[in-house]
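Engineer: For reference, the sequence and a predicted model appear below.
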Amino acid sequence: MTALDWAAVLDRLFDAPNDPQAREWAEQAVAEDRCTPGQRRAFGLLTAGKDILDLLTETPAAVRKLVEETDPERLSLAPAPGEWSAGQVVHHFADNEAVNAVRIRSILTEDTPEIFGYDSDPWTRFFDIEPVEDALARFETARRNTVALARSLSPQDLDRRGVLSYRGAESVRVLLAVLAGHDKDHLDQLRSAVGASR
């Protein structure tokens with residue numbers, strides 16, 4: 001039997017959300033903190049039977065709703081020192097979507113490419129170059145494109161793999177599930193930042 005890792009477990013859970021071996025391995029890995037937040041959330045979403053592409057489709061509207069319900073001047077207020085403001089979270093959504101667009105296309109057009117990871121904190125220095133509304137529009141447009149691309153893919157395309165520098169080899173569909181998990185974590189962060197600014 002093939003040794004399990006996060007990529008193998010998440011791939012198995014796409015087809016069989018109740019796979020006992022995959023679930024047991026993932027539960028143990030979560031308990032031992034051997035996962036990224038996105039992997040942990042992807043596991044929860046897949047075992048709850050969530051449709052990953054539907055979740056990815058819904059995120060921009062959820063972000064927009066939170067932004068529109070918040071006084072624009074308060075979007076730049078961090079909930080605590082060292083934490084991101086609501087506006088910074090929106091910029092991160094846009095930047096991360098751009099990164100993942102390149103990752104997905106690289107996997108689809110190259111043979112098992114090496115996919116770069118990045119530390120998002122240093123990217124905050126670029127957040128002031130555009131208004132929050134522009135970053136949100138950039139995220140919405142890029143995400144529509146990501147979902148349209150994903151919906152057009154064959155099962156063979158979804159099985160194509162890239163090697164991410166900090167997570168190892170994973171398929172396009174696992175990358176999409178982790179992206180949905182990433183969305184959930186940052187939606188929670190955005191809700192917290194918005195709540196703290198009120």
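Structural biologist: Structure's in. What do you need?

Engineer: mind listing the strands for the protein?
Structural biologist: 114-115, 161-164, 168-171 (DSSP state E).

Engineer: Taking the centroid of this structure, which residue is nearest it?
Structural biologist: Centroid-nearest residue in the chain: residue 179, 2.3 Å away (criterion: C-alpha atoms, centre = their mean).

Engineer: ok, that one - contacts?
Structural biologist: Residues in contact with residue 179 (C-beta atoms under 8 Å, 6 or more residues apart in numbering) are 38, 56, 96, 100, 146. Quick note: C-beta positions are derived from backbone N, CA and C, even for glycine.

Engineer: Selection in PyMOL covering whichever of the residues you listed are buried, please.
Structural biologist: Per 16 or more other C-beta atoms under 10 Å, the buried members of these correspond to this PyMOL selection:
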select buried, resi 38+56+96+100+146
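
Engineer: what's residue 85 sitting at in phi/psi?
Structural biologist: With angles defined as degrees, to the nearest 10, residue 85 sits at phi -70, psi 170.

Engineer: any idea how far residue 89 is from the residue lying closest to it once chain neighbours are set aside?
Structural biologist: Nearest non-adjacent residue to residue 85, counting by C-beta to C-beta, 6 or more residues apart in numbering: residue 78, 4.6 Å away. Using C-beta to C-beta, to the nearest Å, residue 78 is found at 10 Å from residue 89.

Engineer: the more surrounded of these two?
Structural biologist: The residue with more neighbours, out of residue 78 and residue 89, is residue 89; 26 against 15, by other C-beta atoms under 10 Å.

Engineer: Of the strands of the chain, which is nearest residue 44?
Structural biologist: strand 168-171 (17.3 Å; C-beta to C-beta).

Engineer: With just CA atoms, put the closest one into PDB.
Structural biologist: Output of strand 168-171 as PDB, limited to C-alpha atoms (Å, rounded to 0.1, in the frame of the first residue of the first chain):
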ATOM      1  CA  GLY A 168       5.200  18.400  -1.800                       C
ATOM      2  CA  ALA A 169       3.500  16.900  -4.800                       C
ATOM      3  CA  GLU A 170      -0.200  17.500  -5.100                       C
ATOM      4  CA  SER A 171      -2.900  17.300  -7.800                       C
END
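
Engineer: Before I go, just wanted to say thanks for your time.
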